[in-house]
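Here is the input, now give the coordinates:
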Amino acid sequence: MRAVPILLAGMAVASCATNPPVPRADRDAAQLQQAIAGRVPGRSANCLPSYRADNMTVLDNGTLLFRDGSTTWVSRLSEGCARAGLSNYALVTKTYGGTGLCSGDIVQLVDTASGTFAGACTVAPFMAYRRP
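Below is the predicted model:
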């Protein structure tokens, strides 16, 4: 008889348990698929003008998304910025010659809490995804 209250208490605690969090890689893959859903890949570009580079989203550990009206641009970072998608890190870009962000540009990763350098990587060409 004493086991029934313990069993009921255990069931009550178990019912409050939440689902485990979705792994970051799965969440970022889903976010990328959502960003390019209904769009088809177009031509790649070596540079994005600076006015397009303002709306940047960092996914997973090396995918950059830029939104420009109906076009979504996707670029990958080389190794070295493995923590780029984490909230306490920021990507610092430097553009030269007023051309905007270009393939081959070096991007630095900075720890925002301490301001210290945390890595560097290069930007790949930008793939355009447009609505058909």
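
and the nearest residue to residue 102 once chain neighbours are set aside, what does it touch?
With sequence-adjacent residues excluded and distances taken as C-beta to C-beta, 6 or more residues apart in numbering, residue 102 is closest to residue 47, at 4.0 Å. (Glycine included, C-beta is placed from N, CA and C.) Counting by C-beta atoms under 8 Å, 6 or more residues apart in numbering, residue 47 makes contact with 99-103, 126.

Buried subset of those residues, written for ChimeraX?
Burial among the contacts of residue 47 is assessed by 16 or more other C-beta atoms under 10 Å; the matching ChimeraX selection reads:
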select :100,101,102,126
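
Which members of the contacts of residue 47 are positioned in strands?
Within those, residues falling in strands by DSSP state E are 101-102, 126.

Between those residues, which sits nearest residue 32?
If you rank the ones in strands among the contacts of residue 47 by distance to residue 32 using C-beta to C-beta, residue 126 comes first, at 14.2 Å.

which residues sit in contact with that closest one?
So residue 126 contacts 44-48, 66, 73-75, 103 (C-beta under 8 Å, 6+ apart).

so residue 95 touches residue 50, yeah?
Yes: counting by C-beta atoms under 8 Å, residue 50 is a contact partner of residue 95 at 6.3 Å.

With adjacent residues omitted, what lies nearest to the residue nearest the centre of the chain?
Centroid-nearest residue in the chain, with C-alpha atoms, centre = their mean: residue 59, separated by 1.0 Å. Distance criterion C-beta to C-beta, 6+ apart; nearest residue to residue 59, sequence neighbours excluded, is residue 28 at 4.4 Å.

any idea of the mean pLDDT for the helix or strand harbouring the one you found?
Here residue 28 sits within helix 24-36, counting by DSSP states H and E. For helix 24-36, mean pLDDT rounds to 81.
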